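J.: The sequence and its predicted three-dimensional model are supplied below.
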Amino acid sequence: MYIARLLTASLLGVAFACTSIQDPAPQAPVATATPQNVSAAGFPETFDSGTKTAYTTGSVTLGSGSWTLNDALLGNTTADPKTGAQSVRVRNTGSLSMNFNTTTGAGVVTVQHAVYGTDGSSQWELWASTNSGSSYAKVGSTITSLSTSLSTASFTANLTGNVRLQIRKISGGTNRINLDNVTIEQYGGGTTPPPTGTAKKFLFDGSHGELAGNADWVLDVNSGVASAIPTPAQSGITSTTAETYWTGAISAWGVALAKRGHTVEQLPAGGRITYGDASNTQDLSKYSVFVVDEPNVVFTAAEKTAILRYVQNGGGLFMISDHIISDRNSDGWDSPQIWNDLMQNNSVQANPFGFAVNSDNIVEDSNNTLVSSTHPIMNGALGTVSQLSFHNGATMTLNPTANSTVQGLIWRVGVAKGNSSVMAASSTFGTGRVVIIGDSSPADDGTGSPGNTVYDGWNENVSHARLHLNASLWLAKL
């Protein structure tokens, strides 16, 4: 939030460095193909279609195909944890089995699980068959269901060709568990994730008030509008092109991605956020990563479903928030509230990413980072991330019970590296990936639309560009 940031700077004497940053060695731009939907046909399986009200062994036709439920039924009561109308409820040593093959292999498989009602804990396992059910082999670890809230278990199968799955409850006796939202990522043998250097498409949102007030969180502005295709044409970008090639305050981010051979577009005001809508030329299915920098307009119910299904089916979501009381268009919604509404009030799953944005306002330069020589975001292709500067931003609180994959990346100074006071975090959901940064300042390159007051946070320290670009590549599965 830069109005507040200007006041903070004048009062606290914060200096905004203009240290130059060396652009990474660019790759020659290459032709970009529309990324393949990585989910197997018919998945995710939500178990919301079909009817089976008894535990007696029987088959039921669902969205993905026919499944056999043994000592299991489709539960739709208030005691059944679920994200839609119903989920599978299993007791004793029951199971649910696919009666069909997915023909495009199985890479990462995810299953959401919880205990039923007031029952105790149980354990269960994922098994897979590559010979149409003649024999099965266990995949990954045994999972224990402890909570009444759905959690996501992830398994790396990496099986090619025809695959069918079976989920077996192995302990807990009459204690019941619920299973929901099974996802299967296609796997071709070493092609998931795509190899480094594969061109990807990034969509930057400009449809949710990113230009409201003093905001300028788009790649390019022409006559006051964030057009779908930035101009001049991206084909003119070379290794020496300055970020001023485009006029938005996050143009440096887009230009840097273009220098690495990727394609960037933006969703203009009035653009539609959809997933799987062939009539929308900017449907999310056409992009590897969706970037939303400080939204100022709340997402509709349909937009929330589209975003979450997009991630669940393999897309990357880059979320950027700002501090509380940063309502630039005076509609009663701040970006922390908008992000929390997406995650808490949707038709897909409550708290799918395992974090919530706090209602705070932080000014801090932190070097309290996750230290790892192999972490793809904190020590990725662009270099090591060792610092993050907030100029009025919000922190996050993590909830590993809701999503065990959630991981803090940077914390406030002096705070234990746990679930509180997190300045940047990542997680996975289904076969997709999510990154969140709690302040829009680090992405700001200091050159925006005429009349807007912006600051160069992108070059304030070398870690800011590294963080955003490493995270972009990780979200794109590079």
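T.: Thanks, I have the structure now. Numbering: from 1, shown residues only.

J.: which sections of this protein are below the confidence cut-off?
T.: Within the chain, the segments meeting pLDDT under 70 span 1-38, 188-198.

J.: Give me the helices and strands touching the longest strand along it, please.
T.: The longest strand of the chain (DSSP state E) is strand 87-98. Where contact means 3 or more Cβ pairs under 8 Å, 6 or more residues apart in numbering; DSSP states H and E, strand 87-98 is packed against strand 66-75, strand 164-169, strand 177-184. Any C-beta I mention is one placed from the backbone N, CA and C, and that applies to glycine too.

J.: Residues contacting the second one, please?
T.: With contacts defined as Cβ atoms under 8 Å, 6 or more residues apart in numbering, strand 164-169 is touched by 71, 90-102, 106, 109, 111, 122-129, 132-133, 136, 177, 179, 182, 184.

J.: Please point out which parts of it sit buried.
T.: 164-169 (16 or more other Cβ atoms under 10 Å).

J.: hey, which of the helices and strands packed on strand 87-98 is tucked in deepest?
T.: Stretch with highest mean neighbour count among those: strand 177-184 (a mean of 26; mean count of other Cβ atoms under 10 Å).

J.: between it and strand 66-75, how many degrees?
T.: On the basis of axes from the mean of the first three to the mean of the last three Cα atoms, to 10 degrees, strand 177-184 is oriented at 140 degrees to strand 66-75.

J.: Strand 177-184 - contacts with which helices or strands?
T.: With contacts taken as 3+ Cβ pairs under 8 Å, 6+ apart, strand 177-184 sits against strand 87-98, strand 106-115, strand 122-129, strand 164-169.

J.: ok, and the closest non-adjacent residue to residue 126?
T.: residue 139 (4.6 Å; Cβ to Cβ, 6 or more residues apart in numbering).

J.: and what of residue 436?
T.: Closest residue to residue 436 apart from its sequence neighbours, by Cβ to Cβ, 6+ apart: residue 319 at 4.2 Å.

J.: In CSV: the helices and strands packed on strand 87-98, plus distance to residue 115.
T.: Shown next, in CSV, are the helices and strands packed on strand 87-98 (distance: least, Cβ to Cβ, whole Å):
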stretch, distance to residue 115
strand 66-75, 12
strand 164-169, 11
strand 177-184, 6
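
J.: longest helix anywhere in this structure?
T.: Looking across the chain with DSSP state H, the single longest helix is helix 462-475.

J.: what's the burial count for the closest residue to residue 277 other than its chain neighbours?
T.: Counting by Cβ to Cβ, 6+ apart, residue 277 lies nearest to residue 283, which is 5.1 Å off, once chain neighbours are set aside. Using other Cβ atoms under 10 Å, residue 283 has 18 neighbouring residues.

J.: Same question for residue 113.
T.: For residue 113, the neighbour count with other Cβ under 10 Å is 25.

J.: Same check on residue 126?
T.: 23.

J.: Which residues are in contact with it?
T.: Counting by Cβ under 8 Å, 6+ apart, residue 126 makes contact with 109, 111, 138-140, 143, 153, 155, 157, 165-167.

J.: Apply 7 Å and report the result again.
T.: Residues in contact with residue 126 (Cβ atoms under 7 Å, 6 or more residues apart in numbering) are 109, 111, 139-140, 155, 165, 167.

J.: And residue 130, by the same measure?
T.: Neighbour list for residue 130: 159, 161-163 [criterion: Cβ under 7 Å, 6+ apart].

J.: Give me the phi and psi for it.
T.: Backbone torsions of residue 130, given as degrees, to the nearest 10, read phi -110, psi 10.

J.: try the one 10 residues further on
T.: The main-chain torsion angles of residue 140 are listed as degrees, to the nearest 10 and equal phi 70, psi -160.

J.: Which residue, other than its chain neighbours, is closest to it?
T.: residue 155 (3.9 Å).

J.: what's the spacing between that neighbour and residue 163?
T.: Per Cβ to Cβ, to the nearest Å, residue 155 is found 12 Å from residue 163.

J.: Neighbour count for those two, which is higher?
T.: Using other Cβ under 10 Å as the criterion, residue 155 and residue 163 rank with residue 163 on top: 25 against 21.

J.: Many thanks, have a good one.
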